[in-house]
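**Q** For reference, the sequence and a predicted model appear below.
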Amino acid sequence: MYDHLTVVDHPLVQHKLTLMREESTPTSEFRRLLREISQLLAYEITRELPMTTKSITTPMQQMDAPTLAGRKLALVSILRAGNGLLDGVLELIPSARVGFVGLYRDEDTLEPVEYYFKVPEHMDERLVIAVDPMLATGNSSVAAIDMLKKSGAKNIRFLCLLAAPEGVARMKEAHPDVPIVTASLDERLNEKGYIVPGLGDAGDRMFGTK
């Protein structure tokens, strides 16, 4: 349906996502599950990282062994909810450089408003993975990718927990060169721009703010 979208249907991903969707799941458990599921999604989104070899010595002999090539990749959290995904991916890739894009959604217009932007140097030489749990209207995600491209980024991927068809279509229209990896493509957006069936506000559930 969408050639730029990958839905990770691994049983562990889907099981953990179901637990996160449940209204009764407490904040501490939600946060733990998000960290765990982010690592499983990161495994998929980093599948095609460039590789090279280096000479090492094992306890048995010398060998040319595979290792990551090029500059350290950049993880960019779209604040504030992106930090939940960021923490898990950093555990998997601790050497990654980290950036932040501060956007909030105007609840009347549903349009993004920028308040912060800080990313690593040499963005044009890095694989950049932007993380945000929810791809809803797509407006904030498109704005964040716009900002990353202005900073020089050329190789960008987008990692989210849930996506709505409207947001996926909006991203494809604005940034067809940015692959999206998610745990679920949900049904639709409601009249307030929230994903249905979704899991509510990811930031509120992660940080316990309602």
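**A** Good, I have the coordinates.

**Q** Val142 is in contact with His175, correct?
**A** Yes - at 6.6 Å, His175 and Val142 qualify as touching, with contact defined as CB atoms under 8 Å. The C-beta positions use only the backbone N, C-alpha and C, and glycine is treated the same way.

**Q** Need the overlap of contacts for these two.
**A** Common neighbours of His175 and Val142, using CB atoms under 8 Å, 6 or more residues apart in numbering, do not exist here.

**Q** What is the burial count for Asp124?
**A** For Asp124, the neighbour count with other CB atoms under 10 Å is 13.

**Q** what about the longest helix in the chain?
**A** helix 27-45 (DSSP state H).

**Q** Identify all contacting residues around that helix.
**A** Contacts for helix 27-45 (CB under 8 Å, 6+ apart): 6, 8, 10, 12-13, 16-17, 19-20, 25, 84-89, 91-93, 129, 131, 133, 157, 159, 161, 179, 181-183, 202, 205-208.

**Q** Is it possible to mark the buried ones in the residues you listed?
**A** Buried members of those, scored by 16 or more other CB atoms under 10 Å, are 6, 8, 13, 16-17, 19-20, 25, 84-89, 93, 129, 131, 133, 157, 159, 161, 179, 181-183, 202, 205-207.

**Q** and those residues, which of them are in helices?
**A** Those of the buried ones among the contacts of helix 27-45 lying in helices (DSSP H): 13, 16-17, 19-20, 84-89, 202, 205-207.

**Q** where does the protein dip in pLDDT?
**A** 1, 110, 210 (pLDDT under 70).

**Q** Past the longest helix of the chain, which element shows up next along the chain?
**A** strand 51-57 (DSSP states H and E).

**Q** Counting by contacts, list what that following strand packs against.
**A** strand 62-68 (3 or more CB pairs under 8 Å, 6 or more residues apart in numbering; DSSP states H and E).

**Q** and the helix or strand that comes right after the strand it packs on, what does it pack onto?
**A** Sequence-wise, the next helix or strand downstream of strand 62-68 (DSSP H and E) is strand 74-79. The helices and strands touching strand 74-79, judged by 3+ CB pairs under 8 Å, 6+ apart, are helix 82-92, strand 97-105, strand 127-131, helix 139-150.
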